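Student: dropping the sequence and predicted coords here.
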Amino acid sequence: MNWILKKFNELSVDELYAILQLRNEIFIVEQNCIYPDMDNKDQPAMHLMCWKDDKLIAYTRLLPPGIGYQNPSIGRVVTSPLIRKSGIGRELMVRSIEQSEKLYGKKPITLGAQLYLKTFYESLGFLAIGDVYLEDGIEHIEMTRNIAK
């Protein structure tokens, strides 16, 4: 597996296409949710990709403070159905947390988690903040991971 972190303007056309294709496959088609994926947050983000045999299998976007939340944030967390149940999701998040801390300092990290993944994110040190809310017809909860001591 090949892990790559890039700024938006460093992404090749093929990388950007693969990212949008995977996000579309999961967030729109698989989850049957019509929503505006292109939200102008990709440009200030860093993009963490995992490639295997020239196929994008896992991805997150890392946002600086003030774009999605007051804190740095991790979003568009997605793994390919071809590799699920292999531990890649956990590795993706561990690497995303590490990269976020390198990029933005050791600060709390916030994300908007789909509610069914709450326990997964709790296992990575995130705590639920506030009430469950609907986003594009899917239950979510805001979660924050405080600074590791």
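Tutor: Sure thing, it's come through.

Student: and residue 5, how far from residue 128?
Tutor: 28 Å (Cβ to Cβ, to the nearest Å). Heads up, the C-betas are built off the backbone N, CA and C, glycines and all.

Student: likewise for residue 114?
Tutor: Taking Cβ to Cβ, one finds residue 114 at 12 Å from residue 128.

Student: now the strands for this structure?
Tutor: Assigned by DSSP state E, the strands in the chain fall at 2-7, 46-52, 55-63, 73-79, 109-114, 126-135, 138-145.

Student: which one of those lies nearest to residue 39?
Tutor: strand 73-79 (9.5 Å; Cβ to Cβ).

Student: what residues of the helix ranked longest in the chain count as buried?
Tutor: Of all the segments of type helix in the chain, defined by DSSP state H, the longest one is helix 88-104. Neighbour-count burial for helix 88-104 flags 88-89, 92-93, 95-97, 99-101, 104 (criterion: 16 or more other Cβ atoms under 10 Å).
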